[in-house]
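>>> here's a sequence, model it:
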Amino acid sequence: MEAYIAITTMIILSLLGFGLAGFIVHALREGKISGITLAGMCCGLLILFYALGLGDGVGDEEKGRYYATQCQLIETNIDNGVFQSNTNKLKCGEVIENVTVSDYQADMAAYEKSQVSSRQ
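Predicted coordinates for the structure are as follows:
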């Protein structure tokens with residue numbers, strides 16, 4: 001279900017992006033839009049795509065398996081300031097990895113869900 005929502009969202013945003021691109025091209029040809037306005041619209045679209053994350057929140061089962069079997073959680077919920085997500089610090093072998101709390105939780109939930117469904 002989560003994959004369906006991510007795919008549907010991606011399709012809708014792609015269609016909106018193509019529609020907006022067509023509008024911008026038409027407006028540029030007609031001389032009704034300036035370069036600064038165009039740059040602002042492009043920046044707005046990039047921020048929108050970044051904020052939506054397209055697929056963010058859907059856990060990766062393989063990463064969850066890796067975290068659960070190969071890593072040790074050293075520190076949790078490390079505050080990184082206003083503009084960055086909190087992270088968990090993991091020791092995976094000899095390597096220290098910093099993973100956002102939301103990614104870690106989603107990946108672990110996906111792994112645990114796969115374990116439950118494989119037992120049934």
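>>> the longest strand in this structure is where?
strand 71-78 (DSSP state E).
>>> what's downstream of the longest helix anywhere in the chain, the next helix or strand?
For the chain, the longest helix by residue count, based on DSSP state H, is helix 2-30. Note on helix 2-30: by DSSP states H and E, the next helix or strand toward the C-terminus is helix 35-52.
>>> now do the buried residues in that next one.
41, 45 (16 or more other C-beta atoms under 10 Å). All C-beta atoms are positioned from the backbone trio N, CA, C, and that covers glycine.
>>> what ranges of the chain fall below the confidence cut-off?
Low-confidence segments of the chain (pLDDT under 70): 1-6, 48-59, 120.
>>> just give me how far the longest helix of the chain sits from the chain centre.
18 Å (C-alpha atoms, centre = their mean, to the nearest Å).
>>> kindly report the same for stretch 39-46.
19 Å.
>>> quick one: contacts of it?
The contact list for stretch 39-46 (C-beta atoms under 8 Å, 6 or more residues apart in numbering) reads 17, 20, 24.
>>> contact partners for the first one?
Okay, so that is residue 17. Here residue 17 is in contact with residue 45 (C-beta under 8 Å, 6+ apart).
>>> got it, and the second one?
Contacts were defined as C-beta under 8 Å, 6+ apart; by that measure residue 20 touches 41, 45.
>>> circling back: closest to residue 93 out of the contacts of stretch 39-46?
The shortest approach to residue 93 among these belongs to residue 17, at 41.1 Å (C-beta to C-beta).
>>> not counting sequence-adjacent ones, nearest residue to residue 60?
residue 107 (5.1 Å; C-beta to C-beta, 6 or more residues apart in numbering).
>>> over to the one you found: give its phi and psi.
phi -70, psi -40 (degrees, to the nearest 10).
>>> give me the number of residues near it?
Here the count is done by other C-beta atoms under 10 Å, and residue 107 has 22 residues near it.
>>> quick revisit: pairing partners for the helix or strand that comes right after the longest strand of the chain, with directions?
Next helix or strand after strand 71-78 toward the C-terminus (DSSP H and E): strand 87-92. Within its sheet, and counting by DSSP bridges, strand 87-92 is paired with strand 71-78 (antiparallel), strand 95-100 (antiparallel).
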